[in-house]
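Asker: Got a predicted structure here, sequence first:
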Amino acid sequence: METLGKWSEQIVPWLMSHGLRIVVIAVAAFLLDRVLQRIITRAIRLSVKSDENTTPEAEKKREDTLIRIFSGALNTVIIIIAIMMILDEIGVEVGPLIAGAGIVGLAVGFGGQYLIKDIITGLFLMLENQYRIGDVVEIEGLSGSVQDISLRKTTLRNLDGTVHHIPHGSITKVSNLSKDFARVNLDMGVGYSTNLEHLIEVINKTGNELANDPAFSDSIISPPQFLRVNEFADSAIVVKILGDTRPLKQWEVAGELRKRLKIAFDREGIEIPFPQRVIHNMKD
């Protein structure tokens, strides 16, 4: 009982002083994070300006991406500061702990150079609006939907479901497949006996019907239309068909267009040639 009494005499004053301060630090950090998150959100919503080629959806996507990045960075800083303050209240000397962990050495050392490069490159990627969360991009030979962006890396998920983590410092080229607008770019081969004027009429009519279909009209900016004769191939005349779509809708529209063109070509007697092999039976 005497030991318990002495322990309580020590712990109660500690809880009333240091314990109370720890609670205050945790609550203050939480409230500060909430307030600053709101300020960041509002500041980015007001500062991001759209141009005549940017849709409201694209503008919101960029805003959400910037908010997520800066909010995440702010949250990390506040947590680190709060933990350091709490450790100091517990009695842990923070200065030697930081030096022992080698944080200073990391910042100026070989590994820190890569970290700094990742962060600086990431800032430029985001400020230049090269891509945003939700875009479909190709980065260094890897393609997929952008799942997440931090200051250090970008996370892609491809059609197979595979997740790729790409450090920003390694990025030298980005191809964005979903910025502002997308395009159906389709090459089709038809037989050499095809009447080209009739072919052009069928293609343009099919593209216009697709664009006027309520199921696809919101996805199409300009109807897919005949552009030119692209090539005289070995067994086909190859024509190019182009049409503009909303971002990320090009694959859906192109697939539906292929289906409708096949039905229309069958109906109109337009041949889609395929490779054929002729085997001669040589007799002695």
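Answerer: Yep, it's here.
Asker: Average pLDDT for the one helix or strand K259 maps to, rounded please.
Answerer: Assigned by DSSP states H and E, K259 falls within helix 250-268. Taken as a whole, helix 250-268 carries a mean pLDDT of 94.
Asker: any idea how far it is from the chain center?
Answerer: Offset of helix 250-268 from its chain centre (Cα atoms, centre = their mean, to the nearest Å): 29 Å.
Asker: Dump the C-alpha coordinates for the lengthiest strand in the chain into PDB.
Answerer: Assignment by DSSP state E gives strand 220-232 as the longest strand of the chain. What follows is strand 220-232 as a C-alpha-only set of coordinates in PDB (Å, rounded to 0.1, in the frame of the first residue of the first chain):
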ATOM      1  CA  ILE A 220     -18.800  12.800 -78.100                       C
ATOM      2  CA  ILE A 221     -17.500  16.300 -78.900                       C
ATOM      3  CA  SER A 222     -17.400  15.900 -82.700                       C
ATOM      4  CA  PRO A 223     -18.700  12.900 -84.600                       C
ATOM      5  CA  PRO A 224     -16.300  10.400 -86.000                       C
ATOM      6  CA  GLN A 225     -15.900  11.100 -89.700                       C
ATOM      7  CA  PHE A 226     -13.900  10.000 -92.700                       C
ATOM      8  CA  LEU A 227     -10.600  12.000 -92.900                       C
ATOM      9  CA  ARG A 228      -8.500  10.600 -95.700                       C
ATOM     10  CA  VAL A 229      -7.300   7.500 -97.600                       C
ATOM     11  CA  ASN A 230      -4.300   6.700 -95.400                       C
ATOM     12  CA  GLU A 231      -2.600   3.800 -97.300                       C
ATOM     13  CA  PHE A 232      -2.800   1.500-100.200                       C
END
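Asker: what packs against the helix holding K259?
Answerer: strand 182-190, helix 196-212, strand 220-232, strand 237-245 (3 or more Cβ pairs under 8 Å, 6 or more residues apart in numbering; DSSP states H and E). Yep, even glycine has a C-beta here, placed from its N, CA and C like the rest.
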